[in-house]
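1. What follows is a predicted protein model with its sequence.
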Amino acid sequence: MRLTFERLSGGCNLHRCKLCGKVVTHIRNHYHVHFPGRFECPLCRATYTRSDNLRTHCKFKHPMYNPDTRKFDNQFVASQSPTASQIAAASQAAMAAAAAAAANAFNAAQQQSQSNSTSE
Ligand SMILES: [Zn+2]
Ligand SMILES: [Zn+2]
C-alpha cells in the first residue's frame, strides 16, 4: 500500500495517490477506491477479501491490535494510520526511552566532570 501513496512533506499526514494524483489524508480509505474488497492487515500484510476475516486474523495473530479502531489496545498509539513498522516503532520507543535515560545519566556525569575540571 505504501507504494501506492507518496507522503507529502509538511505534516498533516497528507499523501498523494500515485494512481490518480489525489491528495488524501486517509490512505486506507482511498486505497479501497482502487482496490475494492481487499482488506490488508497493516501488521503483517496479509490480505483478505472480507473485513470480518481480517478481524478474525487480527484477533488471533495480533490480539493487541483492534482493526475496527485501527489502534492498539494498549498505549503506543501513533497519530498517523498504523503501519507494519508500528510494532517495530513501539519496541524502538521503549529502547529509545531507555537510551534517553542512559544519555541523561551520561550527560549529568559529564557535566559533573567538566565542572570539576574547570575548578582546577
Ligand atoms: Zn487514487
Ligand atoms: Zn496480521
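-> Sure, I can see it. Numbering: from 1, shown residues only. Ligands and ions are numbered 1, 2, ... in the order given.

2. for ligand 2, what are the nearby residues on this protein?
-> Listed as neighbours of ligand 2 in the chain under the rule C-beta under 5 Å from the ion: 41, 43-44, 46, 61. All C-beta spots, glycine's among them, are computed from the backbone N, C-alpha and C.

3. hmm, 6 Å instead?
-> The chain comes close to ligand 2 at residues 41, 43-44, 46, 57, 61-62, as judged by C-beta under 6 Å from the ion.

4. Now flag whichever of those is closest to residue 96.
-> Nearest to residue 96 among those: residue 43, at 20.6 Å, using C-beta to C-beta.

5. Return the distance of the nearest residue to that closest one once chain neighbours are set aside relative to residue 97.
-> For residue 43, ignoring the flanking residues on the chain, the nearest one in space by C-beta to C-beta, 6 or more residues apart in numbering is residue 62 at 5.1 Å. Distance of residue 62 to residue 97, given as C-beta to C-beta, to the nearest Å: 23 Å.

6. Have a look at those two and say which one is more surrounded.
-> Taking neighbours as other C-beta atoms under 10 Å, residue 62 and residue 97 compare with residue 62 leading, 17 against 10.

7. Give me the pLDDT for the more buried one.
-> You'll see residue 62 listed with a pLDDT of 92.

8. residue contacts, it?
-> Applying C-beta atoms under 8 Å, 6 or more residues apart in numbering, we find residue 62 in contact with 41, 43-44.

9. Thanks a lot, see you next time.
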